[in-house]
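Student: What shape does this take:
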Amino acid sequence: MHRLLSLLSKSPSPSRRSCKFTRTTALTMAELKSKIQGTILTPESGDAYTAALRRNSDLSILPAKFIVQPATYEDIPLVIAYATSQTPALEIAVKCGGVHSSTWASSDGGVVIDLSKLNKVTLAEDKLSVSVQGGAVWGDVYEATKGTRVDVVGSPLWFVGVGGFTLGGGYGPLSGEHGLAIDNLLSATVVLADGRIVKASKDEEPDLFWAIRGGGGQFGIVVEFVFKAHPYAGPFGSGIIAYPGTEITSVLQIIKEWKATQTPAERLTLNFSRPAPHFKPSIALLPTVLHDTDGTRSQTVLAPFREGAVKPVFEKIATASDFITLSHAADASLVHAPRRLAIRGTFIADFFPELLLGVWEKWVAFTETSEEVRGSGVIWDLTSPAKLMEVGVADTALKLRTPHYWMAVQGRSTTDASVDAVRAFTEQTVQFVREKNAELSGKDLGWFVNMSQGTERPEDVFGEQLPRLRKIKAEYDPKKVWSKGFVIEPLLE
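Tutor: Numbers count the residues shown, from 1 in each chain. Okay, here's the model as predicted:
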């Protein structure tokens, strides 16, 4: 171990490190504390421990035996060595943004590697790439790129972790013009299950690089991403256009007609919700219009939604100069949202009004059953899929390169008593969407890994990519050190 620490201290760059520990070397907690530069929190740490357990959903919280917040990449192999040398071995969970509504980033009695201190973002001098540490959230990226005249394909929400978002694909406001986050990933630094720290790219560890682009967090801890930077796409037109639920059929028809003229520079998110104070079923359109220099593009592009047969009951569209402003747009609506949150999602091959109407009816009926669950909602993302289709299905681990959109059911409850009902509603609704989409399109698109809960069939999550993913899992994690998330069984030969 002394030799390991000596080697680590001489490593000139994280991207060049290839470090390895011996799993049989047992560490005591005292030794671990003395060797790492980061912070170790236990239940005895009080408020700091409690704060580190917090997740976007209260349903995602589990009481870890201890939480490690690494200060350097080299801290992580030591934590892995400690956890895997215990009898029995401790479960390891990895937390970046902590937004996923499952318990994938938490552990009951195990160790959580909380990457929040590794959140540095660096724009290259030539402004062609951005390096992002694995604990960053997209707000960190947008703050770092603000005013630089460059943008990165990322999440529409500032608090979403870069890691989980990217490893599952990465659908964002710029995806219409530039594809998914994984399509813009140039390289990654990954801590492997055996303690090595490697760089993955098309030229180095190419199988690993393929797997982490759409295969989820089953192959290592990505501690650094290098993304392609794009020329500034702003100003950005954004806001809300809202209609009463009584107009759902007409609104869906307007959207269908609007899509015929949609370009990659326009994104539309459709929400089913019951806003205060009346809590009546409502339809909210949340547009994002790129290159909206003086607001005229938004006026033109969104005209069908305000000048058609159905008029909105509320409308507020403005321009934002940067993504950090844009990513905070939903903050006010989330302040009072119930924190018992369960999310499931899937894909649709096209915008089918009859499918959305079927979900609308189910959602209205469910949210009328009790005030405890009326905070539940449904989200439909309508970003042009043209750019993501330019990447071959064999080029990354993402299973879909045909036209598609994603949707998510957000089940929320104000009480523990209604949690089971919320979970059942989310599961049944996405199952309906999947089956109805298959009926209408002739294509079963399965499940979206970033919106899964872990109970789904892996074949339905990864499709034809699963056999190769299983082989790569066997190469990089044969003993399933990474046993959280959507677990891929290694194909041992």
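Student: Number of residues surrounding the nearest residue to S201 once chain neighbours are set aside?
Tutor: Distance criterion CB to CB, 6 or more residues apart in numbering; nearest residue to S201, sequence neighbours excluded, is S187 at 3.9 Å. For glycine as for every other residue, the C-beta is placed from the backbone atoms N, C-alpha and C. By the criterion of other CB atoms under 10 Å, S187 has 20 neighbours.
Student: Pretty sure S187 sits against F209.
Tutor: Yes: using CB atoms under 8 Å, S187 is in contact with F209, at 7.5 Å.
Student: Need the overlap of contacts for these two.
Tutor: Overlap of the contact sets of S187 and F209 (by CB atoms under 8 Å, 6 or more residues apart in numbering) consists of 200-201.
Student: rewinding a little: which strands or helices does the helix or strand that contains the residue nearest to S201 pack on?
Tutor: Following DSSP states H and E, one finds S187 within strand 185-191. Counting contacts by 3 or more CB pairs under 8 Å, 6 or more residues apart in numbering; DSSP states H and E, strand 185-191 is packed against helix 75-85, strand 197-200, helix 206-212, strand 221-228.
Student: Beta-bridge partners for the closest residue to E205 other than its chain neighbours, please?
Tutor: Computed as CB to CB, 6+ apart, the closest residue to E205 that is not its neighbour in sequence is V198, at 5.5 Å. Beta-bridge partners for V198, by DSSP bridges, are V190.
Student: Quickly note the distance from V198 to V222.
Tutor: Using CB to CB, to the nearest Å, V198 is found at 11 Å from V222.
Student: neighbour-wise, which of these two wins?
Tutor: The neighbour comparison of V198 against V222 (other CB under 10 Å) goes to V222, with 26 against 20.
Student: Pretty sure the more buried one sits against G163.
Tutor: Yes: using CB under 8 Å, V222 is in contact with G163, at 5.7 Å.
Student: any shared contact partners between the two?
Tutor: Contacts common to V222 and G163, judged by CB under 8 Å, 6+ apart, are G134.
Student: those helices in the stretch 251-400 of the chain, which residues are they?
Tutor: 296-301, 303-307, 323-327, 331-334, 353-367 (DSSP state H, counting those that start in this stretch).
Student: Give me the contacts around the third one.
Tutor: What that stands for is helix 323-327. 138-139, 142-143, 145-146, 151, 154-158, 173, 234, 236, 238, 288, 320.
Student: How far off centre is it?
Tutor: Centre-to-centre, helix 323-327 and its host chain are 17 Å apart (CA atoms, centre = their mean, to the nearest Å).
Student: how about the helices and strands packed on strand 185-191 in CSV, adding mean pLDDT and distance to T325?
Tutor: Output for the helices and strands packed on strand 185-191, formatted as CSV (pLDDT from 0 to 100; distance: least, CB to CB, whole Å):
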stretch, mean pLDDT, distance to T325
helix 75-85, 96, 34
strand 197-200, 98, 33
helix 206-212, 98, 30
strand 221-228, 98, 20
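Student: Output those in JSON lines, with distance to T402 appended to each entry.
Tutor: Shown next, in JSON lines, are these (distance: least, CB to CB, whole Å):
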{"stretch": "helix 75-85", "distance to T402": "37"}
{"stretch": "strand 197-200", "distance to T402": "26"}
{"stretch": "helix 206-212", "distance to T402": "19"}
{"stretch": "strand 221-228", "distance to T402": "23"}
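Student: Nearest approach to V251 belongs to which of these?
Tutor: strand 221-228 (35.6 Å; CB to CB).
Student: Pull the residues that contact that closest one.
Tutor: 14-15, 73, 76, 94, 113, 115, 118, 128-134, 152-153, 162-163, 166-167, 178, 181, 184-191, 197, 212.
Student: quick one: terminal-to-terminal distance for stretch 395-411?
Tutor: 34 Å (CA to CA, to the nearest Å).
Student: max-length helix in the protein?
Tutor: Secondary structure assigned by DSSP state H gives helix 419-441 as the longest helix of the chain.
Student: Show me what that one is packed against.
Tutor: In terms of contacts (3+ CB pairs under 8 Å, 6+ apart), helix 419-441 is packed against strand 340-348, helix 353-367, strand 405-413.
Student: Mean neighbour count, distance to S376 and mean pLDDT added to the ones you listed, as TSV?
Tutor: Formatted as TSV, these follow (neighbours: other CB atoms under 10 Å; distance: least, CB to CB, whole Å; pLDDT from 0 to 100):
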stretch	mean neighbour count	distance to S376	mean pLDDT
strand 340-348	24	9	98
helix 353-367	17	6	98
strand 405-413	24	5	98
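Student: wait, doesn't A349 sit right on S441?
Tutor: Yes: the pair A349 / S441 is scored as a contact, 3.8 Å apart, by CB under 8 Å.
Student: between the two, who's got more neighbours?
Tutor: A349 (20 against 17).
Student: and the gap between the more buried one and D444?
Tutor: A349 is 10 Å from D444, by CB to CB.
Student: what's the answer for V99, then?
Tutor: V99 is 27 Å from D444, by CB to CB.
Student: between these two, who's got more neighbours?
Tutor: The neighbour count for V99 versus D444, taken as other CB under 10 Å, is higher for V99 (22 against 14).
Student: what about the more buried one, which helix or strand?
Tutor: Short version: V99 belongs to no helix or strand, going by DSSP H and E.
Student: Could you tell me how many residues sit around T414?
Tutor: The burial count for T414: 16, using other CB under 10 Å.
Student: start the count at 189, not 1, going forward
Tutor: Sure, I'll start counting at 189 from here, so that last one is T602.
Student: In contact with it: list those residues for me.
Tutor: Residues in contact with T602 (CB under 8 Å, 6+ apart) are 526, 528, 559-561, 563.
Student: go again using 6 Å as the cut-off
Tutor: 526, 560 (CB atoms under 6 Å, 6 or more residues apart in numbering).
Student: any weak-confidence spans in the stretch 239-388 of the chain?
Tutor: Applying pLDDT under 70 to the stretch 239-388 of the chain picks out no residues at all.
Student: can you map out the helices along it?
Tutor: So, for the stretch 239-388 of the chain - with DSSP H, counting those that start in this stretch - the helices run 263-273, 326-333, 350-355, 363-366.
Student: Out of these, which is the most enclosed?
Tutor: Ranked by mean neighbour count under mean count of other CB atoms under 10 Å, these are led by helix 350-355, which reaches a mean of 28.
Student: Pull the CA coordinates from that helix and hand them back as PDB.
Tutor: Presented in PDB, the C-alpha positions along helix 350-355 are these (Å, rounded to 0.1, in the frame of the first residue of the first chain):
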ATOM      1  CA  VAL A 350     -23.600  15.300 -15.100                       C
ATOM      2  CA  GLY A 351     -22.700  11.600 -14.500                       C
ATOM      3  CA  GLY A 352     -26.000   9.800 -14.400                       C
ATOM      4  CA  PHE A 353     -27.500  12.100 -17.100                       C
ATOM      5  CA  THR A 354     -24.700  11.300 -19.500                       C
ATOM      6  CA  LEU A 355     -24.200   7.600 -18.900                       C
END
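Student: contacts for that helix?
Tutor: Under CB under 6 Å, 6+ apart, the answer for helix 350-355 is 284, 288, 320, 322, 324, 343, 369, 400, 404-405, 410.
Student: what's the answer for stretch 670-681, then?
Tutor: 281, 292, 404-406, 637, 640, 642, 649, 657-659, 661-662, 666.
Student: From the rest of the structure, what touches the strand holding S375?
Tutor: With CB under 6 Å, 6+ apart, strand 373-379 has contacts from 202-203, 264, 317, 385-389, 408-416.
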